[in-house]
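1. what shape does this take:
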Amino acid sequence: MPFPTSLPASRVEPASEAPPVRWGILGLGWIAGQFIESVRAHTKQDIAAVGSRSKARAEEFASRMGIRQAYGNYDDLVTANDLDVIYVATPHNLHYEGSCLP
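-> Residues are numbered from 1 along each chain as shown. Sure thing, here's the model as predicted:
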């Protein structure tokens with residue numbers, strides 16, 4: 001049997017066609033910026049809020065990235081009732097701490 005020259009058509013819809021949800025970003029380092037740029041380049045998702053341990057840092061990052069809401073602590077971001085998904089962008093050793101908030 002000869003080796004196929006092309007892949008079969010995907011059975012999964014493109015990410016760009018996924019219905020938008022409201023994202024919060026917990027942690028505002030380099031990876032958060034890369035994640036936001038990628039999401040915006042390839043999807044219709046709404047990056048709605050960011051959270052940091054510092055209100056000033058959250059506000060600066062949100063302003064620079066064009067994000068509406070900035071939280072000065074992780075608790076407020078995680079408990080916000082207008083977000084659908086939280087992306088944990090802290091260093092790996094801090095994921096548990098940031099993702100186990102009330």
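2. touching, Y74 and R53? I think so.
-> Yes. The pair Y74 / R53 is scored as a contact, 7.0 Å apart, by C-beta atoms under 8 Å. Placement of C-beta: from N, CA and C, glycine included.
3. counting neighbours, go ahead and name the busier of those two.
-> Y74 (22 against 14; other C-beta atoms under 10 Å).
4. what pLDDT is listed against that one?
-> With respect to pLDDT, Y74 scores 92.
5. strands of the chain, start to end?
-> Listed in chain order, the strands of the chain (DSSP state E) span 22-26, 46-51, 69-71, 85-88.
6. so what secondary structure elements neighbour the last one?
-> Packing contacts for strand 85-88, counted by 3 or more C-beta pairs under 8 Å, 6 or more residues apart in numbering; DSSP states H and E, involve strand 22-26, helix 95-99.
7. for it, buried residues please.
-> I86, Y87, V88 (16 or more other C-beta atoms under 10 Å).
8. could you report the separation of V78 from I25?
-> Per C-beta to C-beta, to the nearest Å, V78 is found 11 Å from I25.
9. now S52
-> Distance from S52 to I25, by C-beta to C-beta: 9 Å.
10. neighbour-wise, which of the two wins?
-> I25 (30 against 25).
11. for the more buried one, list each beta-bridge partner.
-> I25 forms beta bridges with V50, Y87, as assigned by DSSP bridges.
12. now the closest residue to A48 other than its chain neighbours: how far from K55?
-> Of all residues not flanking A48 in the chain, R22 sits nearest, at 4.2 Å (C-beta to C-beta, 6 or more residues apart in numbering). Taking C-beta to C-beta as the measure, R22 falls 21 Å from K55.
13. same check on S10?
-> 43 Å.
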